[in-house]
Structure formats: C-alpha cells, structure tokens
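Novice: Sequence and computational prediction follow.
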Amino acid sequence: MSLLNKKGIAIRHIPRAEHGMIEKLATAGVATIHEAQNREGLLHHGIRPIQQGLTRAGNAVTVLVTPGDNWMFHVAVELCQAGDILVVAPTSPCGDGFFGDLLATSLQARGVVGLVGDIGIRDSQTLRDMGFAVWSRHVHAQGTVKESLGSVNIPIICGGQLVNPGDVVVADDDGVVVVRHAEVGTVLTRAESRMANETAKRERLHNGELGLDIYAMRPRLAEKGLRYFDSADEAES
Ligand SMILES: O=C([O-])CC(=O)C(=O)O
Ligand SMILES: [Mg+2]
C-alpha cells in the first residue's frame, strides 16, 4: 500500500546515493539535469530560492506537515545524515513560516545541505547570513504550532512532483529538480554527455558561428515560411 501523504509515520532508513555522484549532479545543475531526464522532474516555478548563487544537491529526507504545524521538523532532524536535503510538503497549501534559523542551525549541525519546501519560511536574512540554502514557495513571519502529526520519509508531493525519500534533489538559481534514486547513474551519464556537447557548442558560438548554421536551421525556417526583406518598405509593398 502506498504511504503517500499518510500521517503518523517516521521511517529511519532510506536509500542514499553515493556522495561523488551527488556532487557531479550538483555540477551539472538543474537545467541540464532536467534536459537529461527528458524534461521531467522539475518542481513548480513557485518554489523559489531565498538566496542567489548557491547550488545544493542531496538525498531527500521527506517531511509531510500539517498546515500551521512544524512539529515534524524536529522528528526529521534526528533522522537526517550529512549530505541530506530536507524536502517538505504540507497536506494542504499553507504559507506560514514553518522554518527559520533555529531549525536550520539544527540541520546544519547534522550536515544537511539545504531545505526545499512547498511552504513558507522565516528568518530569511539570517538563513542567508548563515549560508543555509532554502527554496520555498513563501516567505512569511507567521509562527506555527506543535500539535499535529505529519510524517517523515514517506513519498510526498512537493511543488507538484512526487519526491520519494532517498531521491536526489538538486536546487540552484534556476529552480529544483528531483532525480529518482534508481536513475541517478543513468541521468548523470546523460547530463555529462550533454555538458560536453554544450562545451563544444559554446566554443563555436564564442567564435562567432551562428546558431542558424550550427543547427542547420535555414531550410526549416524557409519551410515554415520565414521571408527576408532588405527593408520595411519592401516587406510592405
Ligand atoms: O522555531 C520555529 O517555529 C521556526 C523558526 O522560526 C526557527 O526555526 O527559527
Ligand atoms: Mg526563528
């Protein structure tokens, strides 16, 4: 039976990808990984970085929270290991400030690399100052309580994407992408070949070659009906 969105569960052991693979996925970045997995796995663009210039990748420890209640973060902290990234979703939309610098300090002490949440967070300036990277849908000071159970390390839907505990989540200035645990190796191979291909293209573009020629676009543009004129007068006549 699927544990998706089931409350009252905390799972201790999850699969984790090898650190070296995670580092390489971080180097590839969100856009390349998204392309390498056939444009799948992106979280909704409403999940935004609160900082600029930081890339984070880690094994997802998932947290399901009840709206307005951040109790489960404390359960999650204990189950985190170095190299994990916390991925949080509420059972229904809520922009309250579930997470701030105190919880971030606790996660940082365990080596957690960042947080991705379809939630609100607060203490945003302090989080930036301490270098704890966060991607969230909202920033809001509204406090939360500790009364209701959610779950830790069950499959959740975050930013419209299914995230399983142990999937690798990569986040940078462009957004957030999830890579299935079982697909890490394949996606990495494809991402690396894509990066090599882009390096070659970048060199040619840098040298002034036109995309129109490199990608042999002229016949197709003509086929679609693009016409060139020497002036607006000629086009209007
Ligand atoms: O403690 C809370 O409820 C959330 C917060 O502001 C913090 O972690 O600093
Ligand atoms: Mg706080």
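Specialist: Everything's here; your move. Ligands and ions are numbered 1, 2, ... in the order given.

Novice: Go through the strand or helix carrying Q108 and flag the buried ones.
Specialist: Using DSSP states H and E, Q108 sits within helix 101-109. Within helix 101-109, the residues that count as buried by 16 or more other CB atoms under 10 Å are 101, 103-104, 106-107. Quick note: C-beta positions are derived from backbone N, CA and C, even for glycine.

Novice: which bits of the protein sit near ligand 2?
Specialist: By CB under 5 Å from the ion, the part of the chain that sits against ligand 2 consists of 100, 123.

Novice: switch to 8 Å and redo it
Specialist: 97, 100-103, 122-123, 126 (CB under 8 Å from the ion).

Novice: Next, format those residues as a markdown table and append distance to ligand 1 and pLDDT.
Specialist: Formatted as a markdown table, the residues of the chain next to ligand 2 follow (distance: CB to the nearest ligand atom, whole Å; pLDDT from 0 to 100):
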| residue | distance to ligand 1 | pLDDT |
| --- | --- | --- |
| G97 | 6 | 98 |
| G100 | 3 | 98 |
| D101 | 5 | 98 |
| L102 | 3 | 98 |
| L103 | 4 | 98 |
| R122 | 5 | 98 |
| D123 | 5 | 98 |
| T126 | 8 | 98 |
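
Novice: who touches E234 in this structure?
Specialist: With contact taken as CB atoms under 8 Å, 6 or more residues apart in numbering, E234 is in contact with no other residue.

Novice: what are the phi and psi angles of it?
Specialist: When read as degrees, to the nearest 10, the backbone of E234 gives phi -60, psi -40.

Novice: what's the answer for V163, then?
Specialist: phi -120, psi 120.

Novice: So in the chain, which helix runs the longest?
Specialist: Secondary structure of the chain per DSSP state H: the longest helix is helix 184-206.

Novice: Thank you, goodbye.
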